[in-house]
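Student: Mind folding the following:
(one chain, ligands or ions: 1)
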Amino acid sequence: MQIAIDGPAGAGKSSAAKEVARRLGFKYLDTGAMYRAITVMALAQKVNSQDEEELANLVKSCELEIQDDAEKGNLILLNGKDITEEIRSPQVNQTVSIVAASPGVRKGLVHLQRKVAANSGNIVMEGRDIGSNVLINADFKFYLSANLEERARRRWLEMQEKGIEITFDTILTEIATRDRLDQEREDSPLCIAKDAYVIDTTNYTLAEVVDMILMTVTSAKKVPGS
Ligand code: DC
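Tutor: Predicted structure coming up:
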């Protein structure tokens, strides 16, 4: 079974997808982490985030490994180095949507994501274009959203817990910019797949969102309209 979970930054995708996968005993893949890994590499090698050819070459030349981890969900290894923490830095947050708009980067990573799905059996995959592009035939598709202020508040709390000093307004502006870039790019933009269940998580706890997803999946209603 394939479960696709999409939505904008801070909508609660990662936490919900990780927990749904754990409860069902499915594999979990955070595709945003893959775009972040390429961004880490682009920043380290000082590749211009608008240089299409150089970015595509990065994806071709790197060795990206994603391992399961009971606590973190996924461990991200780039050329053998664990960069699981590094991919969440403020600098990566600011650049990742630009890198992710590159068709060459998307082509390479989507190929890898489909390969993981084909080799995994049951999987929960989360991102921006999973239900609308990567796993178009997924058994269940969910689109999680929440209002901008709430999403910024969640990200700000996460940063506080990690001891990263950043203002709420900076995060709010950054998320609004990423929303725009992710929704307006030409290649597989963030959108709601026509057969997705939409959940506005603004007023729900993580546990409630997980329950909604699990109830839909276990009552085997499949995608709306099918
Ligand atoms: O979910 P996240 O915030 O870690 O994702 C980081 C960026 O990667 C996000 O701004 C857009 C991009 N992304 C994408 O374009 N397609 C995906 N399937 C997943 C993420």
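
Student: alpha carbons only for contacts and neighbour counts from here, please
Tutor: Fine.

Student: For stretch 202-221, list the C-alpha coordinates in CSV.
Tutor: Extracted in CSV, the C-alpha atoms of stretch 202-221 (Å, rounded to 0.1, in the frame of the first residue of the first chain):
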residue,chain,number,x,y,z
THR,A,202,-4.9,24.4,12.2
ASN,A,203,-7.1,23.5,15.2
TYR,A,204,-6.1,19.8,15.6
THR,A,205,-3.4,18.2,17.6
LEU,A,206,-0.9,15.8,16.0
ALA,A,207,-2.6,12.8,17.6
GLU,A,208,-6.0,13.9,16.1
VAL,A,209,-4.5,14.3,12.6
VAL,A,210,-2.9,10.9,12.9
ASP,A,211,-6.2,9.4,14.0
MET,A,212,-8.0,10.9,11.0
ILE,A,213,-5.5,9.5,8.6
LEU,A,214,-5.5,6.1,10.2
MET,A,215,-9.3,6.0,10.4
THR,A,216,-9.5,6.8,6.6
VAL,A,217,-6.9,4.2,5.7
THR,A,218,-8.2,1.4,8.0
SER,A,219,-11.8,1.9,7.0
ALA,A,220,-10.5,1.3,3.4
LYS,A,221,-12.5,4.0,1.8
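
Student: Pull out the buried residues from it.
Tutor: By neighbour count with 16 or more other C-alpha atoms under 10 Å, stretch 202-221 contains the buried residues 202, 209-210, 213-214, 217.

Student: Averaged pLDDT, it. What do you get?
Tutor: Stretch 202-221 shows a mean pLDDT of 93.

Student: Residues touching that stretch, excluding its own?
Tutor: By C-alpha atoms under 8 Å, 6 or more residues apart in numbering, the list of residues contacting stretch 202-221 from outside reads 11-12, 15-17, 19-20, 140, 142, 145-147, 150-151, 199, 201, 222.

Student: What parts of the protein come near the ligand?
Tutor: Residues of the chain lying close to the ligand by C-alpha under 6 Å from any ligand atom are 9, 31-33, 35-36, 96-97, 100, 127-130, 178, 182.

Student: Output the below-cut-off pLDDT ranges for this structure.
Tutor: 221-226 (pLDDT under 70).

Student: if we go to 50?
Tutor: Along the chain, no part satisfies pLDDT under 50.

Student: So which residues of it form strands?
Tutor: 2-6, 27-30, 64-69, 73-78, 81-82, 123-127, 140-145, 197-200 (DSSP state E).

Student: Dump the ones you listed into a markdown table; add mean neighbour count as well.
Tutor: Conversion of these to a markdown table gives the following (neighbours: other C-alpha atoms under 10 Å):
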| stretch | mean neighbour count |
| --- | --- |
| strand 2-6 | 26 |
| strand 27-30 | 24 |
| strand 64-69 | 15 |
| strand 73-78 | 20 |
| strand 81-82 | 12 |
| strand 123-127 | 27 |
| strand 140-145 | 25 |
| strand 197-200 | 16 |
